[in-house]
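Chemist: just coords:
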């Protein structure tokens, strides 16, 4: 069993930055890959980014490349999402999730994740 708690969401103007955090508990953090997904109103949940167990490999969806950075601190059981140059289309509820997989191909898939946080709202105003 893994518990995930996101924080750091909020309201920001276009061009601004936010850093999301996801604190994990319940299992050895370094044994699972981590991902961030988001869901905008009326849309399906979509993959944003993921990071391997060691943090050595990351993968991003094209729309956030160069603007978002995922990182993890295994000593603190926390994964982060630094979001820069935010756009109104980034507005969504952001979820972190844990996976038993470690490869970046599988970490892009919704079905690869077995535990999810409750989500944190990010709103970007124009």
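Modeler: Happy to help now that I have it. These numbers were taken from a predicted model, which means no experiment stands behind them.

Chemist: Skipping adjacent residues, who's closest to the spatially most central residue of the chain in space?
Modeler: Within the chain, one residue has its C-alpha closest to the average C-alpha position: by C-alpha atoms, centre = their mean, that is residue 36, at 2.2 Å. Residue nearest to residue 36 in three dimensions, not counting chain neighbours: residue 48, with 4.4 Å by C-beta to C-beta, 6 or more residues apart in numbering. C-beta coordinates here come from the backbone N, C-alpha and C atoms, glycine included.

Chemist: Could you give the number of residues near that neighbour?
Modeler: Residue 48 is surrounded by 25 other residues when neighbours are defined as other C-beta atoms under 10 Å.

Chemist: before we move on, which element is the residue nearest to the centre of the chain in?
Modeler: strand 33-39 (DSSP states H and E).

Chemist: List the buried residues in that strand.
Modeler: Residues 33, 34, 35, 36, 37, 38 are the ones in strand 33-39 that count as buried (16 or more other C-beta atoms under 10 Å).

Chemist: OK, contacts around the last one?
Modeler: Read it as residue 38. Contacts were defined as C-beta atoms under 8 Å, 6 or more residues apart in numbering; by that measure residue 38 touches 45, 46, 48, 90, 92, 93, 94, 95, 122.
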